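Engineer: take this sequence and fold it.
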Amino acid sequence: MHEYGILSILPPVLAIILAIRTKQVFVSLLFGIWLGWLIISDFNLLQGSLDTVQALVDVYKDPGNTRTIMFCALVGALIIFIQRSGGVEGFIIRVSRLLEKYESKKGGSNRIIVQFLAWLTGVLIFVESNISVLTVGTLYRPLFDKLRIPREKLAYIADSSSAPSSILIPFNGWGAYIMGLLAAAGFSDPFATMFRAIAFNFYPILALVFVLFIIFSRRDYGPMARAEKRAKEEGKLLADDAQPMIADELTDVEIVEGVTPKAYNMIIPIVVMVLMMPIMLSYTGWEAALENRPEAGFFQKFFYAIGQGSGSTSVLIAVITSTLLTMILYRAQGIMRMKEMVDLTLKGISGMIPLALLMMMAFAIGAVCKQMETGQFVADVAKEWLSPSFVPLIVFVVSCFIAFSTGTSWGTFAIMIAIAVPMAQNMEANIYITIAAALGGGVFGDHCSPISDTTILSSMASASDHIDHVKTQLPYALIPGSIAALLYLIIGLLG
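Structural biologist: You can find the predicted model right below:
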């Protein structure tokens, strides 16, 4: 029995509506958190307000939350370093030369090639969705700016190539998490079950393909078309009333005087950060590998350990390692002295404070949704009027709504796998299609939600206005999402 019933969906849904209508994300999220605790306190105004403050403090009780927020803050130091060193300028010069050669030989479009490279980079860094988003945003934002491609387009490409590739190539924390849920649901071979379900995970597949369609067809529509027109004709990378997720001091940094721009001063820090992810995932998961795979060879243990490792620990250590090695690299070249690097680190962290606060509020509203059992309520209501033919479709739609309302795909997976698996078994629906629908719906809803951490990080990495990113991405997510829903309906009716 649900204590709060339909009231449990009010806090996240109203926060999302307010954020989209007013563009005041912080105020909207804070209102949603406060409303949730007000309902929990039986509408005691004083107690609900005090509980809201405590909930924001309690975010840091979870080590994973704290590590993620620290990661968001420290990324600012890395961003400011690579710009100050001339690494960004060097990368732009190097890629611009390559694009000029390509254009002169084949008459290709630089805009298309750069967008495709951004998509490909996001797909290849499937080991961790946050690192994927950050890498795409950091590497390609200067090139997108030079070619007058709006920041909203970069945020869309970064967002839509990260989570889909991470769930379709699950040799990472995503795969380990899903296998754990499947094992808890009673599957003796969760690895094989997960891989059989991948073929039916339509939304991530369609989302990746749809990005390519938009890039190569150049057929933008809706708010994104207006953003493209604004950037091309007026040279405005952001809307006039935009509030970029990164402070201007992180995107407008002057190169150290007298330093020759070199691309490797940008590429080396990024590569180190990316490579540290699988290393740290395997390190943090190695004990589990020794315990559960004692007879396996080294590489089997290594890949198993990657799946069992801590994602939040790995991203934090990856960015710390990259920042420290960057300091050493720049000091060895005589680009910066220690005092300047310390000052830049503090400046970079300060520029990311808005993002850190937003992540804190996103975690806090997720916590109040968990307390009110928002996802469980939605799932249980839908379960009451299901028929076997509609199981995949309804599971997909419900997963989407839960992820949209709570801002978490992983939380949605936990709720829906536990419900969808026994539901499919009892109603004799295809178990693999049902699992895929639960996973795909979670990713779809997460892409559409302004309170999703991945959506927030995509806005940050691209230095885009967060609500503008949500508004421009939503019509693009709805097309593959609608097609996926139709496919689940057809398969359900035919099955």
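
Engineer: average pLDDT for the helix or strand harbouring I394, rounded please.
Structural biologist: Element membership of I394, judged by DSSP states H and E, is helix 391-406. Mean pLDDT, computed over helix 391-406, is 89.

Engineer: show me what that helix is packed against.
Structural biologist: Counting contacts by 3 or more Cβ pairs under 8 Å, 6 or more residues apart in numbering; DSSP states H and E, helix 391-406 is packed against helix 10-22, helix 353-372, helix 374-383, helix 409-426, helix 431-448, helix 466-494. The way it works is simple: take the backbone N, C-alpha and C, and place the C-beta from them, glycine included.

Engineer: which residues of the chain score low on pLDDT?
Structural biologist: Counting by pLDDT under 70, the chain has low-confidence residues at 1-2, 102-108, 127, 171-173, 176, 247-252, 382-387, 495.

Engineer: thinking again about what came up before, how far off helix 353-372 does the helix holding I394 point, in degrees?
Structural biologist: Helix 391-406 and helix 353-372 meet at an angle of 130 degrees, taking axes from the mean of the first three to the mean of the last three Cα atoms, to 10 degrees as the criterion.

Engineer: could I have helix 391-406 exported to CSV, CA atoms only?
Structural biologist: The C-alpha coordinates for helix 391-406 follow below in CSV (Å, rounded to 0.1, in the frame of the first residue of the first chain):
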residue,chain,number,x,y,z
VAL,A,391,3.4,-5.8,-21.6
PRO,A,392,6.5,-4.5,-23.6
LEU,A,393,4.8,-1.2,-24.6
ILE,A,394,3.4,-0.5,-21.1
VAL,A,395,6.7,-1.4,-19.4
PHE,A,396,8.6,0.9,-21.8
VAL,A,397,6.1,3.8,-21.2
VAL,A,398,6.1,3.4,-17.4
SER,A,399,9.9,3.2,-17.3
CYS,A,400,10.1,6.4,-19.4
PHE,A,401,7.7,8.2,-17.0
ILE,A,402,9.5,7.0,-13.9
ALA,A,403,12.9,8.1,-15.3
PHE,A,404,11.5,11.4,-16.5
SER,A,405,9.9,12.1,-13.1
THR,A,406,12.8,11.0,-10.9
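
Engineer: my guess is I167 contacts Y203. True?
Structural biologist: No - between I167 and Y203 there is no contact under Cβ atoms under 8 Å: 9.4 Å.

Engineer: neighbour count winner among the two?
Structural biologist: A count of neighbours by other Cβ atoms under 10 Å puts Y203 above the other of I167 and Y203, at 32 against 28.

Engineer: still on that earlier bit, which stretch among the helices and strands packed on helix 391-406 comes nearest R218?
Structural biologist: helix 466-494 (13.8 Å; Cβ to Cβ).

Engineer: tell me which residues of that closest one are tucked away?
Structural biologist: Within helix 466-494, the residues that qualify as buried are 466-474, 476-477, 480-481, 484-485, 487-489, 491-492, counting by 16 or more other Cβ atoms under 10 Å.

Engineer: packing partners of that helix?
Structural biologist: Under the contact criterion of 3+ Cβ pairs under 8 Å, 6+ apart, helix 466-494 touches helix 10-22, helix 151-168, helix 202-217, helix 222-234, helix 391-406, helix 431-448, helix 453-462.

Engineer: what packs against the last one?
Structural biologist: Which is helix 453-462. So helix 453-462, by 3+ Cβ pairs under 8 Å, 6+ apart, packs with helix 63-84, helix 129-146, helix 151-168, helix 353-372, helix 431-448, helix 466-494.

Engineer: between the helices and strands packed on helix 391-406, which one is closest to Q308.
Structural biologist: Among those, helix 409-426 comes nearest to Q308, with 15.4 Å by Cβ to Cβ.

Engineer: then the closest one to PDB, C-alphas only?
Structural biologist: Taking Å, rounded to 0.1, in the frame of the first residue of the first chain, the C-alpha atoms of helix 409-426 are listed here in PDB:
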ATOM      1  CA  SER A 409      17.700   5.800 -15.300                       C
ATOM      2  CA  TRP A 410      19.500   3.500 -12.900                       C
ATOM      3  CA  GLY A 411      16.800   4.000 -10.200                       C
ATOM      4  CA  THR A 412      14.200   3.200 -12.900                       C
ATOM      5  CA  PHE A 413      16.000   0.000 -13.800                       C
ATOM      6  CA  ALA A 414      16.000  -1.100 -10.200                       C
ATOM      7  CA  ILE A 415      12.200  -0.500  -9.900                       C
ATOM      8  CA  MET A 416      11.200  -1.900 -13.200                       C
ATOM      9  CA  ILE A 417      13.300  -5.000 -13.500                       C
ATOM     10  CA  ALA A 418      11.900  -6.200 -10.200                       C
ATOM     11  CA  ILE A 419       8.400  -5.600 -11.500                       C
ATOM     12  CA  ALA A 420       8.700  -6.400 -15.200                       C
ATOM     13  CA  VAL A 421      10.400  -9.800 -14.900                       C
ATOM     14  CA  PRO A 422       7.800 -11.500 -12.700                       C
ATOM     15  CA  MET A 423       5.100  -9.800 -14.700                       C
ATOM     16  CA  ALA A 424       6.400 -11.100 -18.000                       C
ATOM     17  CA  GLN A 425       6.800 -14.600 -16.500                       C
ATOM     18  CA  ASN A 426       3.300 -14.700 -15.000                       C
END
